[in-house]
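Asks: any chance you can model this:
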Amino acid sequence: MKRNPSPQEALAGRMCRPQRVGLFGQRGVGKTTLLTMLYREAVGGRLPELRLAAADTRTANYLSEKILQLEAGMPLPATLGETELRFNLYHQGRRVELVVRDYQGEHVALGRQEPIRAFLKDCDAIWLCLDAAPAATPEERLRAQQEVEQMVEDYLAIDPQGSAHRPMSLLLTKADRLDAPARFLGPDADGDALAGLIDASFNMTRHALKTHCPLYAPFAVSSLGGPLTPSGKLEPGGLAAPLAWLANAVQGQDETRLQQVEAASDLSLVRRCVECVGRRYPHAPNLARSRQRLRERVRSRYRRRGLAGVAAVACLLCGLWAYDAIGAANVRRFEADHAADVAAVRGQWATYQAWHPTRNLLRASAAADEHEHLQRLDQQISDQRRGERLAALRRHADDPDGHPEETWRQFESFHVDYPDADVQGDLQAVRDRLKARRDAARERLAEAAFADLERLEKQGDLAVLVPNADRFLRDHADSLLADRVRRHRDLYLRQLDERDIEAARAYSAKQPLNFYTRREQYQQYLQRHPDGTYAGEARTAVRTVEADWDKHDFRAVADQYQEHAGDIKELERLCHAYLAAHAAGRFKDSAAELLRFGEKVTREHEYKVVLRTGDFDKSARAHMMSRGPSLAVEIEVNGVLHGPSNVIAHRYDPDWNYEFPRRIRWKMGDSVRIIVTDHFYWNRAICEIASDANDPFGLRLLTGEVTSGRHHLVFESDFHIPVLPKIE
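Replies: Predicted coordinates:
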């Protein structure tokens, strides 16, 4: 739930915020013109010792437009909206942040409840603007004074009786229209004349302000100059006095508020208000005294808190001393009453230590004495427990129905807990009796376990015998029969070794093509016998099976490629199957190359073809008188002609070295035909070489040497048929 602020907090909030100035007046009284000219004159340095700066861009833009209109001789239009303006007022070292609102005058008429009235009620100082022009009718002046009176009543209803009322100033605007305006404006204004004018025309307002507002001050102002400026220039008058009064009135009000806030118990609130006054009025005469009073209150608070802290610490120490003294007395009384029960006394001391952690805080020697005393108690408890355990061991050693193994474990535990115990004499005799009984009991158990093992040997199940022998050696490792069982176990392992390797050998001989299961048989042997007699043979067999499996699967790929190279789908299936089973196989690169080859030849690709040389029989001569044929070569691929090549004249062994300029477009199954023509006088075909209709790779004619009878041609191309490695 939100807490309502105290009166001092509310007053501090109003004091430390920007000071709100209410500009109260009817429509047409000149509020907007007054604000504009105040800003223009104060910024321009025409008001002595005063400067009124716009505190934000919005204010500067709002007033600059109106200044330009007034300087251009145009009257300002009526204000229709409500605009918040922010200023910084500088006067004689003061800096006061001001908030003023310009609004429509009808909003303050009698009976109207507009948002501006809430702002005016919350203002820190008020300018009451009344029109001083004599042209106003008695009815208009009465209405204006009634509105002012209503405003004063609003403040009286808000401010409690006896409190300092906020400053109010009566501004008579348009004083230039009065008779003899020089008496009311300027530095030589006649105060008596102004008072007489107010008494004659605004006696209701004057009476209300003098009765309820001690900080009341009257002023006459002229925003434009009017008849006083026949030249037509803007020469306002009386603007400095209201601003100077406002700076002084706000300072006086803040000093009064500060005196009221200083009575608050919240020093942070007082400090905030003192700092606010220091920022606004650094040369205020009462500021130093306020700061001094604040410092004294802070020091007084620190002194009070320090004394309270010292008293609290003293009380705490006294309480702790009494608490620990009572606890110590109780534990020593318990020790005296229960001297025989040392364990109970030691437990009481432990409780005392847990509940009294500060027992030795003020006495350093007491901690050492307590430690020595507790050590003596612990030693007594240890000696008492050792005697009790030793007596129990003697009883168990003499008990013929006792469990020897359990009694021996108790003796070993006693020796671990008390390593300095003397094992000579009576204790040695107890030890010997316990050991003899334990060893005899162990041998009986070992003989029974060995008898069970012999019964299992008759069944011949080696898989059961080995774990039973291991269990015997684990439970009876130091028995007389342990060496015999070790020899039996070694025999079991040799028989298992031989049985498992023989099973793997027999399966491999019976199923030579079931490579996966053959390898699995030898791997199972290695899992069971990693260091067995035949482990080397098994590892060699695994490698041999994997190599045979690799060659077997790739041989199927090679056979398919040699016998049915045109069945690319089946070839791809076999290659994928090989790679899935032999990802690191010996022929993985060849299988991958076949996959790439199959993917390429099933689609049309372009290939480069170069005609290198030829060797033709003498029968190729076209005429008995010719010196030899002039040969050129054409290529026809799937019905598309390429060439002819260049013509080599009069040669039976031409060296063409001719690259066909247009790439050969070919896919698997396309036909290829080579035509050799003699260009001596007439074009005569020497020979034609065509690919076999059953050869899916007819383009191989254009790679390497091709023969037609006794004629030979040599081609080069970037078409290559994969060559598979030999399979041993």
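
Asks: low-confidence ranges in the stretch 551-700 of the chain?
Replies: 620-626, 681 (pLDDT under 70).

Asks: mind listing the helices for it?
Replies: 568-581, 588-601 (DSSP state H, counting those that start in this stretch).

Asks: output the ones you listed as JSON lines; include the columns distance to residue 639.
Replies: All C-beta spots, glycine's among them, are computed from the backbone N, C-alpha and C. Converted to JSON lines, the helices of the stretch 551-700 of the chain look like this (distance: least, Cβ to Cβ, whole Å):
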{"stretch": "helix 568-581", "distance to residue 639": "23"}
{"stretch": "helix 588-601", "distance to residue 639": "19"}
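
Asks: of all the ones you listed, which one is nearest residue 96?
Replies: Smallest distance to residue 96 across the helices of the stretch 551-700 of the chain (Cβ to Cβ): 88.7 Å, for helix 588-601.

Asks: on that earlier part again, and the helices of the stretch 551-700 of the chain: which comes nearest residue 81?
Replies: Closest among the helices of the stretch 551-700 of the chain, once you apply Cβ to Cβ, is helix 588-601, at 79.4 Å.

Asks: give me the neighbour count for the closest residue to residue 593 other than its chain neighbours.
Replies: Excluding its sequence neighbours, the residue lying closest to residue 593 (Cβ to Cβ, 6 or more residues apart in numbering) is residue 722, at 5.1 Å. By other Cβ atoms under 10 Å, the residues close to residue 722 number 12.

Asks: mind listing what the nearest residue to residue 628 once chain neighbours are set aside touches?
Replies: Of all residues not flanking residue 628 in the chain, residue 650 sits nearest, at 4.0 Å (Cβ to Cβ, 6+ apart). Taking Cβ atoms under 8 Å, 6 or more residues apart in numbering, we find residue 650 in contact with 626, 627, 628, 629, 630.

Asks: and the pLDDT for residue 382?
Replies: Per-residue pLDDT puts residue 382 at 78.

Asks: where's the nearest residue to residue 500 once chain neighbours are set aside, which helix or strand?
Replies: Closest residue to residue 500 apart from its sequence neighbours, by Cβ to Cβ, 6+ apart: residue 525 at 4.8 Å. According to DSSP states H and E, residue 525 maps onto helix 515-528.

Asks: where do the strands sit along the stretch 201-350 of the chain?
Replies: 217-220 (DSSP state E, counting those that start in this stretch).

Asks: tell me where the model's unsure across it.
Replies: 226-232.

Asks: so which bits of the helix holding residue 525 are buried?
Replies: Within helix 515-528, the residues that qualify as buried are 515, 518, 519, 521, 522, 523, 525, 526, counting by 16 or more other Cβ atoms under 10 Å.

Asks: do you know how far the residue nearest to residue 500 is from residue 507?
Replies: Distance, residue 525 to residue 507, by Cβ to Cβ, to the nearest Å: 11 Å.

Asks: so what's residue 91 bridging to?
Replies: residue 50, residue 94 (DSSP bridges).

Asks: my guess is it meets residue 244, correct?
Replies: Yes - using Cβ atoms under 8 Å, residue 91 makes contact with residue 244 at a distance of 6.2 Å.

Asks: now for those two: what residues contact both?
Replies: What both residue 91 and residue 244 touch, as defined by Cβ under 8 Å, 6+ apart, is the set 49, 50.

Asks: compare the two and say which is more crowded by neighbours.
Replies: Neighbour comparison, residue 91 and residue 244: the larger count goes to residue 91, with 22 against 18 (by other Cβ under 10 Å).

Asks: count the neighbours of residue 471 for me.
Replies: 13.

Asks: for residue 476, see how far away the residue nearest to it when sequence neighbours are not counted is.
Replies: In this structure, residue 471 finds its nearest non-sequential neighbour in residue 449, 7.9 Å apart by Cβ to Cβ, 6+ apart. Look at residue 449 and residue 476: by Cβ to Cβ, they are 6 Å apart.

Asks: again with residue 179
Replies: From residue 179 to residue 476 the distance is 139 Å (Cβ to Cβ).

Asks: also residue 386?
Replies: For residue 386 relative to residue 476 (Cβ to Cβ), the value is 32 Å.

Asks: settle it for me: which of these two has more neighbours?
Replies: Neighbour comparison, residue 386 and residue 476: the larger count goes to residue 476, with 20 against 15 (by other Cβ under 10 Å).

Asks: you'd agree the residue nearest to residue 500 is up against residue 498?
Replies: No - judged on Cβ under 8 Å, residue 525 makes no contact with residue 498 at a distance of 10.7 Å.

Asks: spit out the residues that contact the two alike.
Replies: Contacts common to residue 525 and residue 498, judged by Cβ under 8 Å, 6+ apart, are residue 534.

Asks: model confidence for residue 427, exactly?
Replies: pLDDT at residue 427 comes out at 61.

Asks: swap in residue 484?
Replies: 78.

Asks: list the contacts of the nearest residue in space to it that is not next to it in sequence.
Replies: Leaving out its chain neighbours, the residue that sits closest to residue 484 by Cβ to Cβ, 6+ apart is residue 450, at 7.6 Å. Taking Cβ under 8 Å, 6+ apart, we find residue 450 in contact with 472, 481, 484, 485.

Asks: which of these has the most neighbours?
Replies: residue 472 (24 neighbours).

Asks: any idea how far the helix holding residue 525 is from the chain center?
Replies: Taking Cα atoms, centre = their mean, to the nearest Å, one finds the center of helix 515-528 at 52 Å from the center of the full chain.

Asks: angle of it against helix 568-581?
Replies: 0 degrees (axes from the mean of the first three to the mean of the last three Cα atoms, to 10 degrees).

Asks: now helix 515-528: mean pLDDT?
Replies: 88.

Asks: cool, stretch 52-70 as well?
Replies: Mean predicted confidence for stretch 52-70 is 91.

Asks: ok, the residue nearest to residue 500 - contacts?
Replies: 500, 501, 504, 532, 534, 535, 538.

Asks: between the residues you listed, which is nearest residue 274?
Replies: residue 535 (95.7 Å).
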